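> Predicted model and sequence below, questions to follow.
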Amino acid sequence: MNVLGVNCYLHDSSVALIQDDRLVFAAEEERFSRIKKDARFPRLAIKAALDHAGLTFNALDAIAFGWNRGGITPLHTLIAELTGRLAPSPMMLVDSLIAGTRELYHGNGRRALQRGFPVTPGQRLLFVDHHDAHAWSTYVLSGFEDALVLVVDGRGARQATSLYHGRDGGVRRLRTINWPNSLGSFYEAFTDLLGFERHGDEWKVMGLAAYGEPTHDLSGTLRIVPGGYRLDAHLVLGRHWNDISRLEAVFGPRRDPEKLITDADRSLAASVQKATEAAIFELVRDGVRRTGCRRLCLAGGVAMNSKANGRLLASELVDDVFVQPAATDDGTAVGAALAAHAALGQPVPRYRLRDVYLGPEFSGPELEAVLRTYKLSATRVVDVERQVAGLLADGRIVGWFQGRMEFGPRALGSRSILADARRAEMRDRVNECVKFREAWRPFAPSCLEESASEYFERCHDAAFMTLTFDVVPSRRAEIPAVTHADNTARVQTVNRETNPRYWTLIHEFEKLTGTPVILNTSFNLRGEPIVCTPRDAIRTFYSSGLDFLVMGDFMIAKDRAWEPRTALSREKALV
Ligand SMILES: [Fe+2]
């Protein structure tokens, strides 16, 4: 049974391929098209999935889309306006009509699919409710038998928040909070007000929150009510759902992105984060009451709030938390494929997702061919982990390109930029030389799983950087480059089996320095998607201040005088 899940037209277009009982491939279209957050039909990602599995399109039994709104959206918006939950506005109506027309044109993806990949009569096309797709994507891969499932995003077809009970390999919806009463829209609007990109920069607000005190009372905007929250949509969404003029009237004008961040901005960010956490806690409290489950699965854009997730895990409210690593809409491709399995009467695969190395990979000969094409001088070594550990300890910044590309927004040791977590200055150096991003934004650590609890409070298994933990007080000075202003860190625990090469690298670093933690950030330039191919990696390497590029066993240095540490490891591969 081959089922392809597809997500497209909103953000983060993606595909997922499930063969029999395993998720065998998943990737976002942006990695192939090189357009950040590409929302178009994922033609290139579908091709990559089929190539990976050695399938033709005809071999797919079913194709499932993580969206099924079928004209409901404009109608729902109209109802929201007529019932006074949103101020009537011609702009919003026009926008709804355009969205509806686009929907008709695209036929929920059917037409685009048939243009590129002719669907045969035997192939099933399924359209899965958006929040259902989110829920499937997290419950099934959590490995939990009985779980509370919470989906929170800006907006599904019409839902903003949905609560499910996951049991017996399926999810049952218990409760829905409809848009415009949306926690995601609340966070987006304040992200916009704080001078960031409304869609995609929400985590900058989360990062900024650590520097401020939550002095604003936002209860007039987002009120916590028993079992959930109540958003003043009239204020937050304005005349149009991207309009913050009413918020500006209350909180002051939108921050000029070119200007320095002030204490007032920090305090507003902290207040937004605090209000969001209070709403999430209330939703979870309600869910635990309804289901009796103390294991929680999260998905939806708001589930990318690692700070809130970490607080939940540390709280008395739940015993365990699983966050779908691709919690935003990219993960709905996975959920749609899983829901399709169930709808077709097939046994739904169920297991704990251990890693997200689900994208394309490139063999040694393929890497060598690219290096030769570009006439690059590279050295092939037999102990690449030990070599790189030495470079990091010496303060070098390394582009690390290994194995299969990660699915989801985080680089987890396949397409990563690495540096020494012990050196406080690395935060600024990586920012200035490579990422060209805001200096205050934190970098995350990768830590050997075996040592995680020695460095991060109550941290054992956090493979996907979806949870934030407090850094153990006695360790804060040891790893300053990855300890945030509020003494937390968004940790990746590295497992020896799921990524042996990355584990060995950190282990070698520990042997040299005594610290089993390194700085890990995604391998991309500001505003670009994470690199996918060796060509992307080479272009990024030479467009930045990276010192080394390491692809497979090949090492490329900008310093021409560089030599590997040991003669044993040296084999001049290319000149
Ligand atoms: Fe979503």
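Happy to help now that I have it.
> Wait, Trp322 touches Ala303, no?
Quick fix: residue 322 is Phe, not Trp. No: contact criterion Cβ atoms under 8 Å: Phe322 and Ala303 do not qualify, at 10.1 Å. The C-beta positions use only the backbone N, C-alpha and C, and glycine is treated the same way.
> shared neighbours of these two, anything?
Thr138 (Cβ atoms under 8 Å, 6 or more residues apart in numbering).
> Which neighbouring elements make contact with the helix of greatest length in the chain?
As assigned by DSSP state H, the longest helix anywhere in the chain is helix 263-291. On a contact count with 3 or more Cβ pairs under 8 Å, 6 or more residues apart in numbering; DSSP states H and E, helix 263-291 meets strand 147-152, strand 159-167, strand 170-178, helix 183-193, helix 202-209, strand 222-225, strand 228-231, helix 306-314.
> how about the longest one, does it get close to the ion?
It refers to helix 183-193. No: using Cβ under 5 Å from the ion, helix 183-193 never reaches the ion; the gap is at least 8.0 Å.
> hmm, back to that, flag every buried residue along the longest helix of the chain.
Using 16 or more other Cβ atoms under 10 Å as the test for burial, helix 263-291 gives 265-288, 291.
> how close does the residue of the chain found nearest the ion sit to Ala444?
Distances between the chain and the ion by Cβ to the ion are smallest at Asp153, namely 3.7 Å. From Asp153 across to Ala444, the span is 23 Å (Cβ to Cβ, to the nearest Å).
> mind checking which of the helices and strands packed on helix 263-291 is nearest Cys433?
helix 202-209 (19.8 Å; Cβ to Cβ).
> Between helix 306-314 and the closest one, find me the angle.
Interaxial angle of helix 202-209 relative to helix 306-314 (axes from the mean of the first three to the mean of the last three Cα atoms, to 10 degrees): 70 degrees.
> name the helices or strands packed onto helix 202-209?
Helix 202-209 sits against helix 183-193, helix 263-291, helix 306-314, with contacts defined as 3+ Cβ pairs under 8 Å, 6+ apart.
> neighbours of the nearest residue to Gly287 once chain neighbours are set aside, just the number please.
Nearest non-adjacent residue to Gly287, counting by Cβ to Cβ, 6 or more residues apart in numbering: Leu148, 4.4 Å away. Residues lying near Leu148 (other Cβ atoms under 10 Å) number 28.
> What of Gln114?
12.
> that's a strand at it, yeah?
No: looking at Gln114 with DSSP: H, G, I helix; E, B strand; the rest coil, it is helix, so not inside a strand.
> and it, what pLDDT?
For Gln114, the pLDDT comes out at 73.
> same deal with the one 4 residues further on?
For Pro118, the model assigns a pLDDT of 80.
> List the residues that contact it.
Neighbour list for Pro118: Phe57 [criterion: Cβ under 8 Å, 6+ apart].
> Read off the pLDDT value for the nearest residue to Ile280 once chain neighbours are set aside.
The shortest distance from Ile280 to any non-neighbouring residue, by Cβ to Cβ, 6+ apart, is to Ala308 (5.1 Å). According to the prediction, Ala308 has pLDDT 97.
> My read is that Ala308 contacts Ala275, right?
No: using Cβ under 8 Å, Ala308 is not in contact with Ala275; the gap is 10.8 Å.
> Could you count how many residues lie near the residue of the chain closest to the ion?
Count around Asp153 with other Cβ under 10 Å applied: 28.
> tell me the contacts of Leu113?
Listed by Cβ under 8 Å, 6+ apart, the contact set of Leu113 reads Val6, Phe41, Ile63, Val119, Leu125.
> Chain neighbours aside, what residue packs nearest to Asn2?
Nearest-residue entry for Asn2: Leu60, 5.0 Å, with adjacent residues in sequence omitted and distances by Cβ to Cβ, 6+ apart.
> number of nearby residues for that neighbour?
Burial of Leu60 is recorded as 23 neighbouring residues (other Cβ under 10 Å).
> Can you read off the backbone torsions of Ala419?
Main-chain torsions, Ala419, degrees, to the nearest 10: phi -150, psi 180.
> show me what contacts it?
Per Cβ under 8 Å, 6+ apart, neighbours of Ala419: Leu392, Gly395, Arg396, Ile397, Val398, Met426, Arg429, Val430, Phe443, Ala481, Ile518, Leu519.
> quick one on the thing from earlier: okay, the helices and strands packed on helix 202-209 in CSV with distance to Ile46 next?
Supplementary listing: the helices and strands packed on helix 202-209 in CSV, determined by distance: least, Cβ to Cβ, whole Å:
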stretch, distance to Ile46
helix 183-193, 27
helix 263-291, 34
helix 306-314, 30
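> Now do the strands in the stretch 251-400 of the chain.
Under the criterion DSSP state E, counting those that start in this stretch, the stretch 251-400 of the chain contains strands at 295-299, 320-323, 379-380, 398-401.
> what are the pairing partners of the last one, and which direction each?
Which is strand 398-401. Using DSSP bridges, the strands paired with strand 398-401 are strand 415-420 (antiparallel), strand 548-551 (parallel).
> Which of those has the highest mean neighbour count?
Of all those, strand 415-420 has the most neighbours on average by mean count of other Cβ atoms under 10 Å, namely a mean of 28.
> any idea of the mean pLDDT for that one?
Rounded mean pLDDT across strand 415-420 is 98.
> Next: stretch 460-478.
96.
> swap in stretch 269-284?
98.
> Stretch 321-329 too?
Across stretch 321-329, the per-residue pLDDT values average to 97.
> Which residues of the stretch 51-200 of the chain lie near the ion?
Listed as neighbours of the ion in the stretch 51-200 of the chain under the rule Cβ under 5 Å from the ion: Asp153.
> show me where pLDDT drops low in the stretch 51-200 of the chain?
Low-confidence segments of the stretch 51-200 of the chain (pLDDT under 70): 69-109.
> One more: the stretch 451-575 of the chain?
Ranges of the stretch 451-575 of the chain meeting pLDDT under 70: 566-575.
> Tell me where it has strands.
468-470, 488-490, 492-494, 517-522, 548-551, 554-557, 571-572.
> strands paired with the longest one, and their directions?
Each strand that strand 517-522 pairs with, and the sense of that pairing, follows from DSSP bridges: strand 415-420 (antiparallel), strand 444-448 (antiparallel).
> try the first one
In the sheet containing strand 468-470, the strands it pairs with under DSSP bridges are strand 488-490 (antiparallel).
> Also the third one?
Sheet pairing for strand 492-494, assigned by DSSP bridges, gives strand 444-448 (parallel).
> which outside residues touch the partner strand?
With Cβ under 8 Å, 6+ apart, strand 444-448 has contacts from 410, 412-413, 416, 421, 455-456, 465, 479, 482, 489-494, 502-503, 506-507, 510, 516-521.
> OK, contacts around the residue nearest to Pro534 when sequence neighbours are not counted?
In space, and not counting its chain neighbours, Pro534 is closest to Val370: 4.3 Å by Cβ to Cβ, 6+ apart. Taking Cβ under 8 Å, 6+ apart, we find Val370 in contact with Phe362, Pro534, Arg535, Ile538.
> ok, back up a step: just the helices and strands packed on helix 263-291: most buried one?
Using mean count of other Cβ under 10 Å, strand 147-152 ranks as the most buried of these, with a mean of 29.
> just checking, what packs against it?
helix 130-142, strand 159-167, helix 263-291, strand 295-299.
> so what strands line up beside the last one?
Strand 295-299 has these partner strands in its sheet, going by DSSP bridges: strand 147-152 (parallel), strand 320-323 (parallel).
> quick one: the longest one to strand 170-178, angle?
Angle of strand 147-152 versus strand 170-178, following the same axes, to 10 degrees, is 30 degrees.
> buried ones in stretch 410-429?
Neighbour counts over stretch 410-429 (16+ other Cβ under 10 Å) mark 410-423, 426-427, 429 as buried.
> Off-centre distance for that stretch?
Centroid separation for stretch 410-429 versus its chain: 18 Å, with Cα atoms, centre = their mean, to the nearest Å.
> quick one, what contacts the closest residue to Lys435 other than its chain neighbours?
Take Lys435 and drop its neighbours on the chain: the residue closest to it by Cβ to Cβ, 6+ apart is Arg526, 5.8 Å away. Going by Cβ under 8 Å, 6+ apart, Arg526 touches Lys435, Phe436, Arg437.
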